[in-house]
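K.L.:
sequence and predicted structure below; questions after.
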Amino acid sequence: MTANKTTYTNASVNEFIQTITDVQKQRDSVELIKLMQDVSADPPQMFGSSIVGFGTYHYKYTSGHTGYAPLIGFSPRKTAISLYVYTGLEDHKYLLEQLGKFKMGKACIYIKRLSDINIEKLNLLMHETISFIENTYTRIKK
């Protein structure tokens, strides 16, 4: 079985945030760090070269593929901020109601700016996602 290419690194989150040239994305990233750290109770850490992750869980799929991933996280990409705060499950679609202006990937939410979404709904979404992960997989406590 192949190893995951994306893992937590020792790179500085603050240095990464300072490399964001879009001022609004940089401000939104700082705010997202505060929000996600409050919800997860975990410090931010770089997951790969461009994802800021919070907390860790170990997963094992029915295919046998295993790995580690952040409980929640985000990545300030060129065209949008990717929010990794959603399970992608049909049963959890109700959590997206009244979230605001966003686009969906498989299990990732794309926003242009943080002000486009309802922060209370985002908090609920993050809490529910963490709860689902903790009940489904093994959360790694450091």
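P.N.:
Yes, it's here. Predicted model, so just to flag it, every value in this text is computed and none were measured.
K.L.:
ok, Glu134 - contacts?
P.N.:
Glu134 makes contact with Tyr57, according to C-beta atoms under 8 Å, 6 or more residues apart in numbering. For glycine as for every other residue, the C-beta is placed from the backbone atoms N, C-alpha and C.
K.L.:
state whether it is indeed within a helix.
P.N.:
Yes: using DSSP: H, G, I helix; E, B strand; the rest coil, the assignment for Glu134 is a helix.
K.L.:
make 522 the starting number, not 1.
P.N.:
Shifting the count to begin at 522 puts that one at Glu655.
K.L.:
can you tell me how far it is from Gln558?
P.N.:
Note on Glu655: its distance to Gln558, by C-beta to C-beta, to the nearest Å, is 17 Å.
K.L.:
also Tyr658?
P.N.:
Tyr658 is 21 Å from Gln558, by C-beta to C-beta.
K.L.:
and the helix or strand hosting Ser596, which strands flank it?
P.N.:
Assigned by DSSP states H and E, Ser596 falls within strand 593-597. Take DSSP bridges as the rule and strand 593-597 pairs in its sheet with strand 572-575 (antiparallel), strand 602-605 (antiparallel).
K.L.:
most tightly surrounded among those?
P.N.:
Of all the strands paired with strand 593-597, strand 572-575 carries the top mean neighbour count, a mean of 25, counting by mean count of other C-beta atoms under 10 Å.
K.L.:
quick check: beta-bridge partners of the closest residue to Val573 other than its chain neighbours?
P.N.:
Among residues not flanking Val573 along the chain, Pro565 sits closest, at 5.0 Å (C-beta to C-beta, 6 or more residues apart in numbering). Per DSSP bridges, the residues bridged to Pro565 are Phe575.
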